[in-house]
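**Q** Predicted model and sequence follow; I will ask about them next.
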Amino acid sequence: MKLIIFGPPGSGKGTYSIRLKERYGLEKISTGDIFREEIKSGTVLGKEIEHFLKEGKLVPDEVVIKVVKNKLKNLDNFILDGYPRTVEQAKALDEITKIDAIIRINAHKEILIEKISARRICSNPKCDGNYNIADIRKTVNGVDYLLPPLLPKNDLVCDKCGSPLIQREDDNLKTIEERLKIYENQSRPVLDYYKSKGAGRVPIIDIWMSRPPEITVEKIIESLNQLKIK
């Protein structure tokens, strides 16, 4: 099974991909996680990436493509989180492998801003612990949101490895709004690219981020089962 999970910053891609990874035994490939490891390690690449992230900009295609291509070598069972974000990245992915389905997560801007601002991640770069302290119960443009917080058992400590939880430096209002703007202007054409591929079109599963992860993930799994993807 070769999947892409797609959606704007804060739409829950990381949380859902982790749960799908556990359900299907997928290799979870997140460019964001890879980049943060490079930054924490202080590599030349990490310093270059850090500059772009702090300004809320996307890392250049040539850098991202190289990292992903290396990660996908000999893999037949994976979920891509945060890639592709541009049409050029999507075209490069076509040359590497064939994707079975795209999972598109939808949410309104004000919900995304609230969720991102409340996000907390594990400080251990080798751990994928991901939490959120926001408790969202509201209706936006006809969509009812019931999103309780995803809290650790112990305050600000990761359940998985016991490391402290932190807020990402780029999870501030100014940078969040810039990232959402970039998504609208640059990343959404990726979906148009996949839709326009005719007979080779990749199925797109549309899901609203309006309920807790366990409910949303079951909706995703139901859709995957309908596509009969193995």
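**A** Done, it's in.

**Q** From here on, just use CA atoms for contacts and neighbour counts.
**A** Fine.

**Q** Where in this protein is the helix or strand with the lowest mean pLDDT?
**A** In the chain, the helix or strand scored least confidently by mean pLDDT, DSSP states H and E is helix 31-41, which has a mean of 82.

**Q** Spatially central residue in the chain, please.
**A** The centre of the chain sits closest to residue 13, judged by C-alpha atoms, centre = their mean, with a distance of 3.5 Å.

**Q** From the contact counts, what lies against the longest helix along the chain?
**A** When the chain is parsed with DSSP state H, its longest helix is helix 213-227. Helices and strands touching helix 213-227, by 3 or more C-alpha pairs under 8 Å, 6 or more residues apart in numbering; DSSP states H and E, are helix 13-24, strand 204-208.

**Q** what's the longest one in contact with?
**A** So the one you mean is helix 13-24. For helix 13-24, contacts defined as C-alpha atoms under 8 Å, 6 or more residues apart in numbering pick out 5-7, 26-28, 30, 78-79, 81-82, 105, 128, 130, 213, 217.

**Q** do the shortest one as well
**A** Contacts of strand 204-208 from elsewhere in the structure, counted by C-alpha under 8 Å, 6+ apart, are 101-107, 216, 219-220, 223.

**Q** Could you pull out the buried residues of that strand?
**A** Neighbour-count burial for strand 204-208 flags 204-208 (criterion: 16 or more other C-alpha atoms under 10 Å).

**Q** Mind listing what's buried along the longest helix of the chain?
**A** 213, 216-217, 219-220, 223-224.
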